[in-house]
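A.B. asks: Sequence plus predicted model, see below.
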There are 2 protein chains.
Amino acid sequence: MNDSSIQLDARERTLLRTLIESYISDGQPVGSRNLARASGLKVSAATVRNVMADLEDRGLIQAPHTSAGRVPTTAGYRLFVDSLLEVRKPSREQIDAIESRFDPGASTQDLLDSASSVLSQVTRMAGMVRLPRHRNVALSQIEFLRLGEGRVLAILVIDGREVQNRVLELERDFSQDDLQRMANYLNAHLAGKSLHTVRAELLREMREVRDDLDAQMLAAIDLGEQALGDEDPDDVVVAGQTQLLGYEELSDMERLRQLLEAFNEKREILGILDQCIRGDRVQIFIGRESGLDWFENCSVVTAPYSVEGEVVGVLGVIGPTRMSYDRVVPIVDVTARLLGSALNVRGESPDSQ
Amino acid sequence: MNDSSIQLDARERTLLRTLIESYISDGQPVGSRNLARASGLKVSAATVRNVMADLEDRGLIQAPHTSAGRVPTTAGYRLFVDSLLEVRKPSREQIDAIESRFDPGASTQDLLDSASSVLSQVTRMAGMVRLPRHRNVALSQIEFLRLGEGRVLAILVIDGREVQNRVLELERDFSQDDLQRMANYLNAHLAGKSLHTVRAELLREMREVRDDLDAQMLAAIDLGEQALGDEDPDDVVVAGQTQLLGYEELSDMERLRQLLEAFNEKREILGILDQCIRGDRVQIFIGRESGLDWFENCSVVTAPYSVEGEVVGVLGVIGPTRMSYDRVVPIVDVTARLLGSALNVRGESPDSQ
DNA sequence: TTGTGGCACTCGTCCGGAAGGAGCGCTGAC
DNA sequence: GTCAGCGCTCCTTCCGGACGAGTGCCACAA
């Protein structure tokens, strides 16, 4: 995909990497003299200038104006993170600090909140966590409560700890006794099975036993099917959006506004995260690669997190394209692992009834 | 409280009002020449200068620097909104536009969301709505569900439509049958009564009948008391925070950040709104009157809203101190009325069972 | 072919000073 | 009390020069 990367020789790669590292740390266009010195290569500034001209021709760097130094382009950053980046291993203390933020006893929601806020605080950018897909969590119990004419509250207890309730609008009315019987039936058949299984089973039964069962049971299945409706709400937890106000390169008010708006709407953020959920390691989105205007000068670093070996969600940070990838990437990586572990530990000890 | 206001004669008042109006619309310090013209008074600029010097002595206006025009001080704004402000009546179309945003069939939550977003859109500032206190809403039903050892889910249905659930951690364990009986007992005694009454009644019974009742009933009362615990969560709905990014006078990044942070935390916002809940009309907070640093250059316009004649919450907008109060005040006012009406209509037709 | 030193040139930034303009305070006259 | 006028202050804008960073190109050496 990057044919230009293939053509780079060792010296060009060193210079590009040094240039980008220098730009990331200073925010200033990098000139040939400084670059020659910083690179550690035994070449003169003039030689570096020639190399820089080549790199500019290939679209990896550019000069903001004549006789300024060079800054990386989006393509340059892309190449950098794909094949030039050497990440710093996070220190033991850093890992411990992050881990200590995950209280094993906390609820899923609290863990997600912790994850996004720890991401935000450690990286000083905005943190975000895609809610975990409910994979094979067990349905502990289902109950119905009659609210009024044709309106029924369905209560799902999942994994013996989390509660979801949904209001169902039905065409026909059931008495509380009817509902109780239906709940009993469903609980007897389905309790303890995974939500996924439960849904499949309900659908199967609806097809298979439609004629054999009495109306009551049929209604129960129908009701169960409705209650389990669309699995779980798409959502994302964000934290520390305001960290982004501190960055010089994000100070364009209109852009900044669109950016914060995107955090409020959450929809576009979701879109970006969902693109990252495939792939098993850290992924990086740079600048407008995602096709979103407000995303100029921003990058996203994401990593999926898993429970019991299965990827259930993705988390990451969003910040200026000029960020310390070597520091941020490993942080996002460990946070994803640690969140996965924390969720995992919890999943192993459901105090089911 | 403002002894300086008493001493202002008609001309001074006119000039102060004109000055503030001019500053609000232009954002520029106002000079004597322009002020003389804009005021409509038949006096020269020199005379106006004299008056301005007086107003400056009284702390109502100030000059950013020598030989600049004058701008209002906080005290000046205060006097302006308290006794100089002539609000524009909102047009029929504006009222209709706002009213159309309140769908009578919507849930309370949706109505609050609509209110804050309509406030934000119409005023182009940030809108906020304090959640309504649950005044005398009726408890329709209470149910308990055993989650695990000593953990019980309490489900309250209120007004036949809204559902609250809370997880109770108990010292002793109850079987689902026990819980069912306790719920039956509580429902028989309490359903249909207002939450307030219910709480009072439970407390009374706990004292009075402690010895007469069997352990089961006692436990039921105890459980009910816990389930009704601290009435409802303090919360506030905000919308359109990003509108604030557009204002020149709020462009200090550090301040802006604190401001947005306050919206995220919600605590300080709550504090401000709660201060405004007493008083039956529109209230205005200016600048640092609230004692909060980040509030410099900001003002809040609030109005309480009522259901069935009782104030249940407060809504408002937050924006730059230099805002068009004459336009904003009536908007906040009507929005509060319309929200009250919308909630009221809904309250009259609870489809109880 | 590749690397190097040197030179001319281009910009952007940083003053410093000058010009212009808005606006104030003060004073003296009506 | 009102008002015109004067002198003064201070902000803003513009302009030009000095400076520095950095480039592109060329000639020359290895």
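C.D. replies: Good, I have the coordinates. Numbers count the residues shown, from 1 in each chain, chains lettered A, B, ... in the order given.

A.B. asks: In chain A, what residue comes closest to DNA strand D?
C.D. replies: A:Gly31 (2.2 Å; C-beta to the nearest atom of the strand). Yep, even glycine has a C-beta here, placed from its N, CA and C like the rest.

A.B. asks: how about the closest residue to that residue other than its chain neighbours, what does it touch?
C.D. replies: Leaving aside its sequence neighbours, A:Gly31 sits nearest to A:Gly69 (C-beta to C-beta, 6 or more residues apart in numbering or on different chains; 4.0 Å). By C-beta atoms under 8 Å, 6 or more residues apart in numbering or on different chains, A:Gly69 lies in contact with A:Gln28, A:Pro29, A:Val30, A:Gly31, A:Ser32, A:Asn34, A:Leu35, A:Ala63.

A.B. asks: Pull up the gap between the first one and DNA strand C, please.
C.D. replies: What it means is A:Gln28. Noted for A:Gln28: a distance of 11 Å to DNA strand C, by C-beta to the nearest atom of the strand, to the nearest Å.

A.B. asks: contacting residues for that residue?
C.D. replies: A:Gly69.

A.B. asks: cool, and the third one?
C.D. replies: Counting by C-beta under 8 Å, 6+ apart, A:Val30 makes contact with A:Leu19, A:Ser22, A:Tyr23, A:Ala38, A:Gly69, A:Arg70, A:Val71.

A.B. asks: Would you mind giving both backbone torsions of the fifth one?
C.D. replies: By that I understand A:Gly69. phi -70, psi -170 (degrees, to the nearest 10).

A.B. asks: on that earlier part again, can I get the buried ones among the contacts of A:Val30 as something I can paste into ChimeraX?
C.D. replies: Restricted to buried positions by 16 or more other C-beta atoms under 10 Å in any protein chain shown, the ChimeraX selection for those reads:
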select /A:19,22,23,69,70,71
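
A.B. asks: In strands, which of the contacts of A:Val30 appear?
C.D. replies: A:Val71 (DSSP state E).

A.B. asks: Need the max-distance pair from the contacts of A:Val30.
C.D. replies: Greatest spatial distance among those (C-beta to C-beta): A:Ala38 and A:Val71, at 14.8 Å.

A.B. asks: Can you list the low-confidence ranges for the stretch 101-250 of chain A?
C.D. replies: Within the stretch 101-250 of chain A, the ranges that satisfy pLDDT under 70 run A:134-136, A:208-220, A:223, A:227-234.

A.B. asks: all strands for it, in order.
C.D. replies: Taking DSSP state E, counting those that start in this stretch as the criterion, the stretch 101-250 of chain A carries its strands at A:126-130, A:139-148, A:151-158, A:162-169, A:236-239.

A.B. asks: Restrict the shortest one to CA atoms and write it as PDB.
C.D. replies: Output of strand A:236-239 as PDB, limited to C-alpha atoms (Å, rounded to 0.1, in the frame of the first residue of the first chain):
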ATOM      1  CA  VAL A 236     -19.100   5.100  24.100                       C
ATOM      2  CA  VAL A 237     -17.600   6.600  27.200                       C
ATOM      3  CA  VAL A 238     -15.400   9.600  26.800                       C
ATOM      4  CA  ALA A 239     -13.400  11.500  29.300                       C
END
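
A.B. asks: contacting residues around whichever helix or strand comes after it?
C.D. replies: Counting by DSSP states H and E, the next helix or strand C-terminal to strand A:236-239 is helix A:253-265. Contact with helix A:253-265 is made by A:126, A:238, A:241, A:244-245, A:250, A:268-269, A:292-298, B:241-242, B:245-246, B:251, B:260, as judged by C-beta under 8 Å, 6+ apart.

A.B. asks: Now A:Val152. Nearest residue, chain neighbours left out?
C.D. replies: A:Leu168 (4.7 Å).

A.B. asks: quick one: that neighbour from B:Thr242, how far?
C.D. replies: 36 Å (C-beta to C-beta, to the nearest Å).

A.B. asks: Looking at those two, which one has more neighbours?
C.D. replies: B:Thr242 (21 against 15; other C-beta atoms under 10 Å in any protein chain shown).

A.B. asks: what residues are up against the more buried one?
C.D. replies: A:Arg257, A:Leu260, A:Glu261, A:Asn264.

A.B. asks: what about 10 Å?
C.D. replies: Taking C-beta atoms under 10 Å, 6 or more residues apart in numbering or on different chains, we find B:Thr242 in contact with A:253, A:256-264, B:120, B:126, B:260, B:263.

A.B. asks: Same question for A:Leu41.
C.D. replies: Contacts of A:Leu41 by C-beta under 10 Å, 6+ apart are A:Ala10, A:Arg11, A:Thr14, A:Leu15, A:Thr18, A:Leu35, A:Thr47, A:Val48, A:Val51.
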